[in-house]
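the following comprises the amino acid sequence and a computationally predicted model.
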Amino acid sequence: MTGSLPTVGVVMPVRNGAKTLAAAIASVLAQSPRPDDVLVVDGGSEDGSAAIAAAFAGVRVISQAGGGLGAARNEGIAGVEGDVVAFCDADDRWTPGSLALRLARFTAQPACGAVIGHIERTLADGETATPQQASRLGQVEPGYTPGALLVRREAFHAVGPFDEALTLGSDSDWFVRLVQSGVRFDVLPDTVLLKGVRGSSLSTDVATYRRELLEVARRFIDRRRGTS
């Protein structure tokens, strides 16, 4: 990018996402301005996902060293180049113009450390939603999920890395820590992400998700009390 706009690095974790990965990458590369670096973190895919990503000009691919989604995000942040960091999971898509909208807020508000847009839940290609998931399709809501986030690198470090010990709750834990960090973040009314719903997604492990969200809530309370 040129001028006063910060450089942008995009982290895209993938594991066996061949059905949707190309559309996710295309939605990122179609942005204007275009991101300066796009890094796909492949978590041992067996369906050719790494080759699909590598076929796109300007996209780099690395093999994930650790395990889990939190580790993939952390490794991507460490490896991607850019003053600000964005995310797009392999089964999601950025909406047209979503990067420009978020960057504009940084330009207008230099004190803003992170920008969050809204998301719309859509059914990922070739997937069948559970009844609970189906009831949320088409809903638009604030995007407290990495794909709707644009964060200055120094603000990310102030909040800290994703917790790799949490299987399903690492994203929720990070956003709770953002809220408590004192880092200024703005929520835009615009829809910046089409969030792909998969019946086979990790979030369908309801018992684990609930257990980890309880742990996230406990940590939130401990931080408020100053005991952690």
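Now that the structure is in, tell me what you want to look at. Keep in mind that what you see is a predicted model, and the values were worked out from it rather than measured.

contacts only, for the most centrally placed residue in the chain.
Closest to where the C-alpha atoms of the chain average out (CA atoms, centre = their mean) is Pro146, at 2.5 Å. Counting by CB atoms under 8 Å, 6 or more residues apart in numbering, Pro146 touches 73, 87, 89, 171, 174. For every residue, glycine as well, the C-beta is placed using N, CA and C.

again, only this time at 6 Å
Residues in contact with Pro146 (CB atoms under 6 Å, 6 or more residues apart in numbering) are 87, 171.

check the gap between it and Trp94 for me.
Noted for Pro146: a distance of 12 Å to Trp94, by CB to CB, to the nearest Å.

same question, Ser49
Distance, Ser49 to Trp94, by CB to CB: 18 Å.

try Phe185
Relative to Trp94, Phe185 is positioned 19 Å away (CB to CB).

also Cys88?
Going from Cys88 to Trp94 by CB to CB gives 6 Å.

neighbour count: Phe185 and Trp94, which is higher?
Trp94 (26 against 19; other CB atoms under 10 Å).

quick check: closest non-adjacent residue to that one.
Excluding the flanking residues, the one nearest Trp94 by CB to CB, 6 or more residues apart in numbering is Ser27, at 4.5 Å.

quickly find the element holding that neighbour.
In the assignment (DSSP states H and E), Ser27 maps to helix 21-29.

so how far is that helix from its chain's centroid?
Centre-to-centre, helix 21-29 and its host chain are 14 Å apart (CA atoms, centre = their mean, to the nearest Å).

what are the buried residues along it?
Buried residues in helix 21-29, counting neighbours by 16 or more other CB atoms under 10 Å, are found at 21-25, 27-29.

only C-alpha atoms, please: export the helix or strand that that helix is followed by in PDB.
Downstream of helix 21-29, the next assigned helix or strand under DSSP H and E is strand 37-42. The C-alpha atoms that make up strand 37-42 are tabulated as PDB, following Å, rounded to 0.1, in the frame of the first residue of the first chain:
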ATOM      1  CA  ASP A  37       0.900 -10.200   2.700                       C
ATOM      2  CA  VAL A  38      -1.400 -13.200   2.800                       C
ATOM      3  CA  LEU A  39      -0.200 -16.200   4.900                       C
ATOM      4  CA  VAL A  40      -2.000 -19.500   4.900                       C
ATOM      5  CA  VAL A  41      -1.100 -21.700   7.900                       C
ATOM      6  CA  ASP A  42      -1.800 -25.300   7.000                       C
END
